[in-house]
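*Asks:* just coords:
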């Protein structure tokens, strides 16, 4: 039973609800509502995303041994061998392409599908490059951000031509992953990254931990808030620039969630005391608040039930599976 739990944690089971839904959102933006197709896209997205996380775990085993909270990660603790972890990465890659073949079965590979396949392959290459060399190159967070954005885009290209909403969410996906890796992880890991000679945006900008205090320079704060304020503008583009139709209550809800998200962003970037548990909790809550904003923005093209499910599925999935694996809610072991 312990082995099953270890492999479930290795595969990020509690987070699969959020990981797999990324390309599903892209498919919905171009009007795909077929449950069979959306399910396959969900599985492809989950396999591709978990592949990236697992490669990162394999590469970072030695680094993770320097952090007490990460010593119970399956590869670090030895519950899962490095060899088995590597075998699973190949299995995940195979599964992703198998389900792509199933999704496109008996369909001609047109221009959009060809570009979609190119996106998923390029996503794997960029993500793996980040996993292997990212700790040595400041700014490599852009690679993983592009990688996840390409997985998102695959969800639309699998069925046809992306539209304005698709491209806006593509940019939002890129921004969100860049923020998560460069800002959230940069702050969270500032107490030990320097010990392994890591080169990243946070350390290069002067983020550092001195005993129990954390120093976050204004330049880095401006970078983080700049990303989030830029995203806030993108969220309103469908209504303001492209004249998509919204009800008043939908715009108010969108505005309130954006304000809530910015509140947690400011909270994280204003920290004076380094408390890893508190930081993990802030990041966990930040993630779910942010994930809810895109479905709300999509109310101009999908119905309320679909929006509700897009918000609910990742949260319910996470709440169900996290306690089963002995993890704490909204405090991911990362």
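*Replies:* That came through, no problem. Bear in mind the structure is a predicted one, so any value in this text is a computation, not a measurement.
*Asks:* Run through this protein and note the low-pLDDT ranges.
*Replies:* 1-2, 64, 66-70, 326-334 (pLDDT under 70).
*Asks:* what residue lies at the spatial centre of it?
*Replies:* The structure's the chain has its C-alpha centroid closest to residue 177; by CA atoms, centre = their mean the separation is 5.5 Å.
*Asks:* Now that one: phi and psi?
*Replies:* Dihedral angles of residue 177 (phi, psi; degrees, to the nearest 10) stand at phi -70, psi -40.
*Asks:* Surely it touches residue 149?
*Replies:* Yes. Here residue 177 reaches residue 149: they are 7.0 Å apart, a contact under CB atoms under 8 Å. (Each C-beta comes from the backbone N, C-alpha and C, glycine too.)
*Asks:* So which elements touch the helix or strand containing residue 51?
*Replies:* Element membership of residue 51 [criterion: DSSP states H and E] is helix 35-59. Contacts defined by 3 or more CB pairs under 8 Å, 6 or more residues apart in numbering; DSSP states H and E place helix 35-59 against helix 16-29, helix 82-103, helix 111-133, helix 141-157.
*Asks:* For the ones you listed, could you give me a markdown table that also reports mean neighbour count?
*Replies:* Output for the helices and strands packed on helix 35-59, formatted as a markdown table (neighbours: other CB atoms under 10 Å):
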| stretch | mean neighbour count |
| --- | --- |
| helix 16-29 | 25 |
| helix 82-103 | 15 |
| helix 111-133 | 18 |
| helix 141-157 | 25 |
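*Asks:* could the ones you listed go into CSV alongside distance to residue 74?
*Replies:* Shown next, in CSV, are the helices and strands packed on helix 35-59 (distance: least, CB to CB, whole Å):
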stretch, distance to residue 74
helix 16-29, 16
helix 82-103, 8
helix 111-133, 17
helix 141-157, 21
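*Asks:* Out of these, flag the one nearest residue 283.
*Replies:* Relative to residue 283, the nearest member of the helices and strands packed on helix 35-59 by CB to CB is helix 16-29, separated by 13.1 Å.
*Asks:* just checking, what packs against that closest one?
*Replies:* Secondary elements touching helix 16-29 (3+ CB pairs under 8 Å, 6+ apart): helix 35-59, helix 141-157, helix 164-178, helix 276-297, helix 304-324.
*Asks:* Let me know whether residue 57 touches residue 11 as I believe.
*Replies:* No. Residue 57 is not in contact with residue 11 according to CB under 8 Å; the separation is 10.2 Å.
*Asks:* More neighbours: which of those two?
*Replies:* Applying other CB atoms under 10 Å to residue 57 and residue 11 shows that residue 57 carries more neighbours, namely 22 against 19.
*Asks:* who are the neighbours in contact with that one?
*Replies:* By CB atoms under 8 Å, 6 or more residues apart in numbering, residue 57 lies in contact with 10, 64, 73, 75, 85.
*Asks:* is it true that residue 223 touches residue 179?
*Replies:* No. Look at residue 223 against residue 179 with CB under 8 Å: they stay out of range, at 9.3 Å.
*Asks:* Comparing these two, which shows the higher neighbour count?
*Replies:* Set residue 223 next to residue 179 and count neighbours by other CB under 10 Å: residue 179 wins out with 25 against 19.
*Asks:* List the contacts of stretch 19-35.
*Replies:* Applying CB under 8 Å, 6+ apart, the set of residues contacting stretch 19-35 is 12, 37-38, 41-46, 49-50, 148, 151-156, 158-163, 165-166, 169-170, 173, 294-295, 298, 301-302, 306, 310, 313-314.
*Asks:* Throw together a ChimeraX command that grabs the buried residues out of these.
*Replies:* What follows is the ChimeraX syntax selecting those of the contacts of stretch 19-35 that are buried according to 16 or more other CB atoms under 10 Å:
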select :12,37,38,41,42,43,44,45,46,49,50,148,151,152,153,154,155,156,158,159,162,165,166,169,170,173,294,295,298,301,302,310,313,314
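*Asks:* that older thread, which secondary structure elements does the helix or strand that comes right after the helix holding residue 51 contact?
*Replies:* Scanning forward in sequence from helix 35-59 by DSSP H and E, the next helix or strand is helix 61-64. When contacts are defined as 3+ CB pairs under 8 Å, 6+ apart, helix 61-64 packs onto helix 74-77.
*Asks:* now the helix it packs on: how far from the chain's centre is it?
*Replies:* Relative to the chain's own centre, helix 74-77 is displaced by 22 Å; criterion: CA atoms, centre = their mean, to the nearest Å.
*Asks:* That one: which residues count as buried?
*Replies:* 74-76.
*Asks:* just to revisit the earlier point, to residue 190, which of the helices and strands packed on helix 16-29 lies closest?
*Replies:* helix 276-297 (9.4 Å).
*Asks:* what's the closest one in contact with?
*Replies:* Residues outside helix 276-297 that contact it (CB under 8 Å, 6+ apart): 18, 25, 69, 168-169, 172, 176, 180, 184, 187-188, 191, 235, 238, 250, 253-254, 257-258, 260-261, 264-265, 267-268, 271, 302, 306-308, 310-311, 314-315, 318, 329-332, 334.
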